[in-house]
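> here you go, sequence then predicted model.
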Amino acid sequence: MAGASDRFSGAQRAAVVMMALGEQFTADMFKRMDQDDIRRVGVAMSNMDQVNPEIIDSLLREFLDKLKSEIGPMIGGDATARRALQLALGEEGARSLLAELDRAKEPVPFERIKYVDSKTLAGFIRSEHPQTIAVILAHLPKNKAAEVIREFPENLQYEVVSRLSNLDVIPPGIVEEIDSVLQREILSTEGLEAKQLGGVEAVAELLNNCDKATEEHIFSRLEEDDPDLAEQIRQLMFVFEDLVSIDDRGIRTLLKEVRNEDLTLALKTSTDQLKTKILGNVSERAAAMIQEDLEVMGPVRLSEVEAAQQKIIQVARRLEKEGKIVIGGKGGEDALV
């Protein structure tokens, strides 16, 4: 097929390549060409009918090969990126983007811990002081932190959650020291700048990702030791039964993104009030099918039901962040009734 493309003149080759790369590319190229070249390529384009796709492919490959040979190796790096941004946007316009570049180069704390098996990680850090464990867990994704805390003895679970609730800004030196120990003994991690961590919101999200037994045990201890803190956390948590606080319009929005299998399984242990709420926002036929499925459903593991409920909770929380629905935590003032 290369032989067929050899019959094309230089102007025709340019015309094929430019048209293949689109109108915007062609317009940009015409701006950089002199009048004679524009005329020759324009005439070639006008006189062209259909070109075999294999010839187009051959000419594009030829164009890329020639481009590579003439450009040579590209020189990048931080200095090149900075100069390019400053030339394109000016000093003032480039300032925020350059700041983002600097932040992107900063090492992420405890980054590689995320890939350590949760049971292994729990076994490694469980002998640390609860405050140290709280700092480590505060840097992990909430579902990972929940998996780790599940592996701790009950007393340690309470101690860690209690301290995590009161974490605020962590001085860089403390985090770097913890990080350094982990670097030597279990991972290869980097340093960290001070940042807002922990607090009751972090604990609420962590407990949302725990299984029911772990959540209930931690709350029983919290309520004994600090009932006000326990109530603050409860109000920030969102559990499956809190779906009843969403208005009908929000429920319908939510159900559009939930699989029927997950919904049916999740309703297995729900209250009659929530079932009525859900079934009242689907068609009569769909409601009848769900009711029938629930009636004929045999015994299922509680963990499977909780997993299905957790999927729906995650969808609800995402929709709330997107501003599509409004939900209220258990007992929260923002609950819809």
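Alright, I've got the coordinates.

> which is the next helix or strand following the lowest-mean-pLDDT helix or strand in the chain?
Across the helices and strands of the chain, mean confidence by mean pLDDT, DSSP states H and E is lowest for helix 2-5: a mean of 54. The first helix or strand that comes after helix 2-5 along the chain, using DSSP states H and E, is helix 10-20.

> okay, now the domains of the protein?
By the record's domain assignment, the chain is partitioned as 2-71, 111-235, 239-321 (automatic domain parsing).

> just name the most buried of those domains.
With neighbours defined as mean count of other C-beta atoms under 10 Å, the domains of the chain peak in mean count at domain 111-235, which reaches a mean of 17. The C-beta positions use only the backbone N, C-alpha and C, and glycine is treated the same way.

> for it, measure first residue to last.
31 Å (C-alpha to C-alpha, to the nearest Å).

> pLDDT on that domain, on average?
What domain 111-235 shows for mean pLDDT is 78.

> what's the answer for stretch 315-327, then?
If you average the pLDDT over stretch 315-327, you get 85.

> how far off centre is that stretch?
15 Å (C-alpha atoms, centre = their mean, to the nearest Å).

> cool, stretch 214-232 as well?
30 Å.

> same check on stretch 252-268?
So, by C-alpha atoms, centre = their mean, the centroid of stretch 252-268 is 22 Å from its chain's centroid.

> render the CA-only coordinates of that stretch in CSV, please.
Extracted in CSV, the C-alpha atoms of stretch 252-268 (Å, rounded to 0.1, in the frame of the first residue of the first chain):
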residue,chain,number,x,y,z
ARG,A,252,-36.8,8.3,43.7
THR,A,253,-33.5,9.9,42.7
LEU,A,254,-31.6,7.4,44.8
LEU,A,255,-33.5,4.3,43.6
LYS,A,256,-32.6,5.2,40.0
GLU,A,257,-29.0,4.3,40.8
VAL,A,258,-29.6,1.3,43.0
ARG,A,259,-29.7,-2.3,41.6
ASN,A,260,-32.9,-4.2,42.4
GLU,A,261,-31.0,-7.1,43.9
ASP,A,262,-29.1,-4.8,46.3
LEU,A,263,-32.3,-3.0,47.3
THR,A,264,-34.2,-6.3,48.0
LEU,A,265,-31.4,-7.7,50.0
ALA,A,266,-30.9,-4.5,52.0
LEU,A,267,-34.6,-4.4,52.9
LYS,A,268,-34.3,-7.9,54.5
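
> quick one: contacts of it?
Stretch 252-268 is contacted from outside by 240, 243, 246, 274-275, 278, 281-282, 286, 289-290, 293-294, 297, 300, 304-305, 308-309, 311-312, 315-316, 319, 324-325, using C-beta atoms under 8 Å, 6 or more residues apart in numbering.

> so which of those are in strands?
Taking DSSP state E, every one of the contacts of stretch 252-268 sits outside strands.

> mind checking how far the nearest residue to E304 once chain neighbours are set aside is from A308?
Spatial nearest neighbour of E304, chain neighbours left out: L265 (6.5 Å); criterion: C-beta to C-beta, 6 or more residues apart in numbering. Between L265 and A308 the computed distance is 4 Å (C-beta to C-beta, to the nearest Å).

> what residues does L59 make contact with?
S5, F8, R13, V16, V17, A20.

> list the contacts of the fourth one.
For V16, the contacting residues are F8, M48, V51, I55, I56, L59, by C-beta under 8 Å, 6+ apart.

> got it, and the second one?
Taking C-beta under 8 Å, 6+ apart as the criterion, F8 is in contact with V16, I55, L59.

> host element of the second one?
Read that as I55. Assigned by DSSP H and E, I55 falls in helix 53-71.

> and the average pLDDT for that helix is what?
On average, helix 53-71 scores 76.

> and stretch 242-258, by the same measure?
Stretch 242-258 shows a mean pLDDT of 91.

> that one: how far from the chain's middle?
Distance of stretch 242-258 from the chain centroid (C-alpha atoms, centre = their mean) equals 22 Å.

> how long is that stretch end to end?
In stretch 242-258, first residue to last residue: 16 Å (C-alpha to C-alpha).

> and if you look at stretch 207-218?
9 Å.

> ok, and what's touching that stretch?
142-143, 145-146, 149-150, 154, 157-158, 161, 219, 233, 237-239, 302-303, 306, 310, 313.

> likewise for stretch 121-133?
Residues outside stretch 121-133 that contact it (C-beta under 8 Å, 6+ apart) are 113, 136, 148-153, 156, 159-160, 162-163, 178, 185-186.
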